[in-house]
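1. All I have is the shape, not the residue letters:
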């Protein structure tokens, strides 16, 4: 049984929502960030980065307090308003990757601890601790955890019905996405939604493992305060068939002392190799890999596909076990400076350009993992290799705020 709750969200006023909301801070180039902060006084980036000019010169605690102060300024200036009663939201994003529709709700820390909400990625302790401190100091979160639920015809029918209503928000963003938000405030409707999730056995985190782990850590440290908002964390719940799962491709600085000829010979042990020349080739199925090396694309097809576990058969794990570790000497996928990652949402030409620049020697393109692989890993308490999936949709900062 999965427990979800409505909450008294804070959100931008209708006339300013398109100006307030932003992409994740990390997605902006320095020039884009400076432009937003210099020319858009309503951008939520002002809250996230109140001292952006001097960010490297101040402590984390000072920065977090500045975030809290700027957030309170936005509330005092009526840029934000709070719901008078707990609500759910239905949120839809339409962009070049597709249309994504899900429910914004509070999800249970207890469910997270009891593995009703299941995980497939490992977390870094310092990142969990850092974001926990951020939540503690600022008192709010605007980055929901992306969680999937299994197909549910009744929920889908309800979603289709709600989408015919007049929305609370309807706006476009500068990256040419269309955003629509419906508020669900009728108590009978809220009760019905909760019953639908009561009947779901397990939910799965698609994106946001560090955020959920930080919420749990904050709960454990501060639960004696009696603050019931700590018992939940904000999530964007979306049907598993509505996700867009991309691969993360790999580019490596050098061949670890191998010549091109010796490297291809070593690959031939485990892969059938086909030179594709200048064809911008990407894998067409599982157990296939694309490679760009010395001006040519190659198709690599794994010879032996018999594996005893879902982790061993994961394409990212196979590439690590067969190529990255033994041949290229990449031991630590998180921290080795010789390897970088390109999300599969970017074209193959990005990899070609970076290798042709001679900053990198070789690039590998993977086939995206499936939702069933992700769920199988989570069900068996197994962890994906770092940077295995890049999952959409991505939520806009400042659209909905969960206060702690």
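-> Looks like it arrived, so ask away. Fair warning: this is a prediction, and the values are worked out from it, not measured in the lab.
2. In the chain, where is pLDDT below threshold?
-> Within the chain, the segments meeting pLDDT under 70 span 51-57.
3. counting contacts, what elements does the lengthiest strand in it pack onto?
-> If you go by DSSP state E, the chain has its longest strand at strand 98-108. Secondary-structure packing of strand 98-108 (3 or more CB pairs under 8 Å, 6 or more residues apart in numbering; DSSP states H and E): strand 4-5, strand 88-95, strand 232-239. In short, each C-beta sits where N, CA and C put it, glycine included.
4. all strands for the stretch 201-350 of the chain, in order.
-> Ranges of strands within the stretch 201-350 of the chain are 203-207, 232-239, 244-252, 271-277, 288-293, 296-302, 339-343, based on DSSP state E, counting those that start in this stretch.
5. can you list the domains in this protein?
-> In terms of domains, the chain is parsed into 4-242, 245-390 (source: automatic domain parsing).
6. These: which one's closest to residue 397?
-> Of all those, domain 4-242 sits nearest to residue 397, with 5.0 Å by CB to CB.
7. Need the helices and strands packed on strand 98-108 in CSV (columns: distance to residue 215 and mean neighbour count).
-> Listed next are the helices and strands packed on strand 98-108 as CSV, based on distance: least, CB to CB, whole Å; neighbours: other CB atoms under 10 Å:
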stretch, distance to residue 215, mean neighbour count
strand 4-5, 14, 22
strand 88-95, 19, 21
strand 232-239, 4, 24
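8. Mind putting the domains of the chain into TSV with distance to residue 397?
-> Shown next, in TSV, are the domains of the chain (distance: least, CB to CB, whole Å):
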stretch	distance to residue 397
domain 4-242	5
domain 245-390	18
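9. need the helices and strands packed on strand 98-108 in CSV with distance to residue 166, can you?
-> Shown next, in CSV, are the helices and strands packed on strand 98-108 (distance: least, CB to CB, whole Å):
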stretch, distance to residue 166
strand 4-5, 24
strand 88-95, 12
strand 232-239, 22
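10. Can you say which of these is nearest to residue 364?
-> For residue 364, the closest of the helices and strands packed on strand 98-108 is strand 88-95, at 26.9 Å, according to CB to CB.
11. Does anything pack onto the closest one? Which helices or strands?
-> strand 98-108, strand 178-184.
12. out of these, deepest packed?
-> Among these, the stretch with the highest mean neighbour count (mean count of other CB atoms under 10 Å) is strand 98-108, at a mean of 21.
13. That one: how far from the chain's middle?
-> 13 Å (CA atoms, centre = their mean, to the nearest Å).
14. So which residues make contact with it?
-> Contacting residues not belonging to strand 98-108 are listed as 2-7, 9, 88-94, 116-117, 144-145, 147, 159, 163, 184, 193, 203, 231-239, 242-244, 392-393, 400, 402 [CB atoms under 8 Å, 6 or more residues apart in numbering].
15. Between strand 178-184 and the longest strand of the chain, find me the angle.
-> Angle, strand 98-108 to strand 178-184, by axes from the mean of the first three to the mean of the last three CA atoms, to 10 degrees: 40 degrees.
16. all helices of the chain, in order?
-> Along the chain, counting by DSSP state H, helices occupy 17-20, 30-39, 45-48, 60-76, 109-113, 125-138, 153-162, 187-198, 209-222, 260-267, 315-319, 348-356, 371-379.
17. Kindly reformat those helices as a markdown table containing mean neighbour count.
-> Output for these, formatted as a markdown table (neighbours: other CB atoms under 10 Å):
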| stretch | mean neighbour count |
| --- | --- |
| helix 17-20 | 20 |
| helix 30-39 | 13 |
| helix 45-48 | 23 |
| helix 60-76 | 16 |
| helix 109-113 | 18 |
| helix 125-138 | 17 |
| helix 153-162 | 13 |
| helix 187-198 | 14 |
| helix 209-222 | 20 |
| helix 260-267 | 15 |
| helix 315-319 | 21 |
| helix 348-356 | 16 |
| helix 371-379 | 19 |
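18. what sits against the residue nearest to residue 121 when sequence neighbours are not counted?
-> Distances taken as CB to CB, 6 or more residues apart in numbering place residue 209 nearest to residue 121, at 4.4 Å, with adjacent residues excluded. Neighbour list for residue 209: 119, 121, 122, 123 [criterion: CB under 8 Å, 6+ apart].
19. rerun at 10 Å
-> Contact partners of residue 209, counting by CB atoms under 10 Å, 6 or more residues apart in numbering, are 119, 120, 121, 122, 123, 124, 127, 128, 145, 383, 384.
20. Any chance of the backbone angles for the fourth one?
-> Torsion angles at residue 122 (phi, psi; degrees, to the nearest 10) stand at phi -80, psi 160.
21. Also the last one?
-> In terms of degrees, to the nearest 10, the main-chain angles of residue 384 are phi -70, psi 150.
22. before we move on, what about the third one?
-> Geometry field for residue 121 lists phi and psi as phi -120, psi 150, criterion degrees, to the nearest 10.
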